[in-house]
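**Q** could you work out the structure for the sequence below:
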Amino acid sequence: MAASYDGGLPQSSLKQSLGEGYYQAEKLSEEVRPEIEKYARVFHEDPDLMEAVIFPELIRFNSIFDAIQIGSLITLYTRWGDDYADFSVGYFQMKPSFAEQIERSALEFADFGWVTRAGFSGLKTTNDFEGRKLRIERLRSLTWQVKYLGAFLKICRSRYRIRKMNVEYNVRLLATAYNAGYHRTLKKTTPFLSKKLFYTGQMDNGSRFNYSSIAWLRFNELKMRRKALRVAI
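**A** Next comes the predicted model:
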């Protein structure tokens with residue numbers, strides 16, 4: 001099935017093309033995995049899926065650039081909003097506008113257990129100075145980034161009416177929605193599954209990849225790793 005998404009590029013070739021960044025992302029994934037495992041239980045989600053969806057962002061993450069960007073743009077955002085500064089934050093490269101969208105979407109699911117369990121009920125979601133300040137504080141927390149990720153998956157499953165029939169399609173769809181935005185309808189999101197729009201550095205150097213193909217590669221690796229651990233036990 002992969003040929004229909006990425007032109008038949010073997011996953012081994014994709015990993016090689018991503019180079020050192022892929023291996024650095026694997027190291028970062030070791031840091032975030034315990035928190036993902038913890039909140040996968042809260043959201044009743046597959047932790048391997050959660051990690052796969054954000055794994056391409058771990059390739060892009062640069063701690064030095066992140067620190068500089070936060071320092072220079074946080075004041076603009078808190079004072080004036082995302083029209084003036086909407087920037088990627090943390091390991092998962094989440095933007096304030098994304099976090100606000102998740103918070104507001106969560107209000108539509110107030111009766112669902114995950115909203116309360118994950119702490120989304122009662123959040124200050126206003127787009128004023130105080131609300132933006134609190135949002136940035138949450139985004140700078142790995143725990144809250146994982147919570148936003150879990151909420152994103154729950155919202156998308158409801159919005160797209162995702163079923164468990166085709167694992168690859170589900171992984172690719174959720175990864176694509178994370179990268180391209182979940183504000184579109186399913187019909188308008190589907191064409192993005194085959195597009196190569198993702199670049200791995202902070203600047204676009206002309207080399208672009210299919211985001212969902214990286215996520216699908218990582219998902220398969222994680223499943224193989226989990227299977228190997230079970231066999232070893």
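**Q** for the protein, where's the lowest mean pLDDT among helices and strands?
**A** helix 3-6 (a mean of 60; mean pLDDT, DSSP states H and E).
**Q** the next helix or strand after that helix packs against which elements?
**A** Downstream of helix 3-6, the next assigned helix or strand under DSSP states H and E is helix 11-18. For helix 11-18, the packing partners by 3 or more Cβ pairs under 8 Å, 6 or more residues apart in numbering; DSSP states H and E come out as helix 211-232. Using the backbone N, CA and C atoms, a C-beta is placed for each residue, glycine as well.
**Q** who touches the helix it packs on?
**A** 2, 5-6, 9, 11, 14-15, 18, 48-49, 51-53, 55-56, 59, 168, 171-176, 178-180, 193, 197-198 (Cβ atoms under 8 Å, 6 or more residues apart in numbering).
**Q** show me how to select, in PyMOL, the buried members of the residues you listed.
**A** One line in PyMOL is enough to select the buried members of the contacts of helix 211-232, burial here meaning 16 or more other Cβ atoms under 10 Å:
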select buried, resi 2+5+6+9+11+14+18+48+49+51+52+53+55+56+59+171+172+173+174+175+176+178+179+180+193+198
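**Q** excluding chain neighbours, what is closest to the most centrally placed residue in the chain?
**A** Among the residues of the chain, the one closest to the centroid is Ile54, at 3.7 Å (Cα atoms, centre = their mean). Distances taken as Cβ to Cβ, 6 or more residues apart in numbering place Phe92 nearest to Ile54, at 4.6 Å, with adjacent residues excluded.
**Q** does that neighbour sit in a helix, a strand or a coil?
**A** State at Phe92, reduced to three classes by DSSP: H, G, I helix; E, B strand; the rest coil: coil.
**Q** residues near Lys227, how many?
**A** 10 (other Cβ atoms under 10 Å).
**Q** my bad, Ala228
**A** The number of residues packed around Ala228, counting by other Cβ under 10 Å, is 10.
**Q** any idea how far it is from Leu222?
**A** 11 Å (Cβ to Cβ, to the nearest Å).
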